[in-house]
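S.K.: How does the following fold in three dimensions:
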Amino acid sequence: MGAWQLLLVGLVLLLGLFGVLVPGVPGPWLVWAAVMWWALHVRTGPAWWLLVGATGLMLVTQVVVWQLPARRVRPLGATGRMVAYAGTGALLGFVLLPVVGVVPGFVGGIYLAERLRLGGHGQAAAATRAVMRSAGTSVLVQLSACLLVVAAWVGAVVAG
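M.R.: Numbering: from 1, shown residues only. Sure, this is the predicted structure:
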């Protein structure tokens, strides 16, 4: 697979990660489709195992998300800034403390956005809890799964 094709796969993976944060965009399926496209072109053992693992993880993620409450963040005053802070916090947490850092990074990003918007700790903490109850958990589950798949893809590309 050439450098341009790898760049396109990487861009689709990045689009999938951002798609998780935007309601209505099928982010996990974009991530899975990019890994499938890559595996079909590379045709190596690690590529196929990554595709199988990504497929299983995405299916488990969808079952978990279906069991969680529906996404309803607009009535809570969720803004684009909050989504950006949460996504950035999750990405930084994932990089700084691999895998488990995504949770405190995501929640910390929501808290920081709410603290800047509302001003006080008590109000920001209450707003963060409300967001996490209404939609944050499902977004966090999908984002974590997608970050794991993207990290595994990056590792496979670097190793192979």
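
S.K.: use CA for all of it now, contacts and neighbours both
M.R.: Fine.

S.K.: so what's the spatially most central residue of the chain scoring on pLDDT?
M.R.: Geometric centre of the chain, nearest residue: L143, 2.0 Å, by Cα atoms, centre = their mean. We have a pLDDT of 92 for L143.

S.K.: Can you say which helix or strand has it in it?
M.R.: Assessed by DSSP states H and E, L143 sits inside helix 137-159.

S.K.: how far out from the middle of the chain is stretch 8-21?
M.R.: A distance of 9 Å separates the centroid of the chain from that of stretch 8-21, by Cα atoms, centre = their mean, to the nearest Å.

S.K.: got the buried residues for the helix holding L143?
M.R.: Buried residues in helix 137-159, counted by 16 or more other Cα atoms under 10 Å: 137-153.

S.K.: circling back to that earlier point, which residues sit in contact with the residue nearest to the centre of the chain?
M.R.: L17, V20, L21 (Cα atoms under 8 Å, 6 or more residues apart in numbering).

S.K.: Any chance of CSV for those, columns secondary structure and distance to V63?
M.R.: Below are these laid out as CSV (DSSP: H, G, I helix; E, B strand; the rest coil; distance: Cα to Cα, whole Å):
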residue, secondary structure, distance to V63
L17, helix, 19
V20, helix, 16
L21, helix, 18
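
S.K.: for stretch 84-97, which positions count as buried?
M.R.: So stretch 84-97, judged by 16+ other Cα under 10 Å, has buried residues A84, Y85, A86, G87, T88, G89, A90, L91, L92, G93, F94, V95.

S.K.: which other helices and strands contact the strand or helix carrying the fourth one?
M.R.: Taking DSSP H and E as the criterion, the element that holds G87 is helix 80-96. Where contact means 3 or more Cα pairs under 8 Å, 6 or more residues apart in numbering; DSSP states H and E, helix 80-96 is packed against helix 3-21, helix 102-118.

S.K.: Please enumerate residues in contact with the longest one?
M.R.: Around helix 3-21, the neighbours that count as contacts under Cα under 8 Å, 6+ apart are 25-31, 34-35, 37-38, 83, 87, 139, 142-143, 146-147, 150.
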